[in-house]
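Visitor: all I have is the shape, not the residue letters:
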DNA sequence: ATGGTGTGTTACCGTGCTTGGTACACACGA
DNA sequence: TCGTGTGTACCAAGCACGGTAACACACCAT
């Protein structure tokens, strides 16, 4: 499986909650429970997509490149995934067969429609929404502890 | 990538167009351009999902288990794919981090919504629709040839 | 200036999944 | 009883992903 999307949203949520302070790949790796190099690779993709920037040197780290409520989950998905939930035939189907020579075009239409439906749903949520969700859950967790 | 979904729809379209005649895995493999064993493996999954049946022995082969207009692409997708377009974190995020311990629950909601949107779109098309598309494209191809 | 810090990038390896391909037992029809 | 075709097990090759280490470069503080 591909966990990059989940980790990318995780990373961006961390950046949002850091409110302007650069966050190091090592700190992020500690939260994600992986190693800093992998985080830097992911940050590289996010930076290329214009979602994050980085400050080098002491006190450096990663930052959001634009407000969290202007980063949709679709932006994230496109940044770290190839955006092809379905795979087409590996070998070209037999062009001598009436079905073989037409099936891919017929399929592509339907696959595109399904992918677009998924992407439209992803576009309805922003990193700010997810971050707010996380904060809300954290508050609930806190009050549950308090009443114990 | 995973080409099983594409191949499965291809196979079911072939079965639909054979109108009740059993189709051998060798014939199917010829149209898909792969080998019969792979086709039989796929047919096994489709049979377990109740979409196809098989006749053993001479004159045997695969058949649709129910009318093509009662088999949606979602049925096919569920039969041959694990139905998880997004992967979650491989390792559990750090429970000592306020984001780490809440991000997965927040993510799951959004991923589910996106997956449901995709599945709803897949459910709108049946194997009969795809087969009709293929036939339509084939007719157009024929008339284009005729006017050449 | 100089040392320390943290990024960006590359290379490499192990793992797991998918597919290609072979083989063989079993069921069914002629 | 023989031939046909399925169902299944098995192995090899290819590939993507994640884990890991290494290193050059940029930047800050002293």
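Guide: Thanks, I have it. Computed from a predicted model, the values in this text were never measured in an experiment.
Visitor: could you use CA atoms for every contact and neighbour count after this?
Guide: Will do.
Visitor: without its sequence neighbours, what residue ends up closest to the residue lying farthest from the centre of chain A?
Guide: Using CA atoms, centre = their mean, the residue of chain A lying farthest from its centre is residue A:96. It sits 41.8 Å away. For residue A:96, ignoring the flanking residues on the chain, the nearest one in space by CA to CA, 6 or more residues apart in numbering or on different chains is residue B:31 at 7.9 Å.
Visitor: ok, residue A:122 to chain B distance?
Guide: Distance of residue A:122 to chain B, computed by CA to the nearest CA, to the nearest Å: 6 Å.
Visitor: for that residue, what are its contacts?
Guide: Residues in contact with residue A:122 (CA atoms under 8 Å, 6 or more residues apart in numbering or on different chains) are A:72-74, B:110, B:114.
Visitor: same thing with residue A:97?
Guide: residue B:31.
Visitor: what's the pLDDT at residue A:147?
Guide: Here the pLDDT value assigned to residue A:147 is 68.
Visitor: also residue A:105?
Guide: On pLDDT, residue A:105 comes in at 98.
Visitor: tell me which residues of the particular helix or strand that has it in it come out buried.
Guide: Assigned by DSSP states H and E, residue A:105 belongs to helix A:103-122. Using 16 or more other CA atoms under 10 Å in any protein chain shown as the test for burial, helix A:103-122 gives A:103-104, A:106-107, A:110-111, A:114-122.
Visitor: residue A:20 looks like it's in a strand, true?
Guide: No: using DSSP: H, G, I helix; E, B strand; the rest coil, the assignment for residue A:20 is coil, not a strand.
Visitor: ok, it - how many residues close by?
Guide: Using other CA atoms under 10 Å in any protein chain shown, the number of residues around residue A:20 comes to 11.
Visitor: and what of residue A:28?
Guide: Neighbours of residue A:28 (other CA under 10 Å): 23.
Visitor: what about the helix or strand harbouring it and DNA strand D, any contact?
Guide: Using DSSP H and E, residue A:28 falls within helix A:25-32. No: using CA under 7 Å from any atom of the strand, helix A:25-32 never reaches DNA strand D; the gap is at least 9.0 Å.
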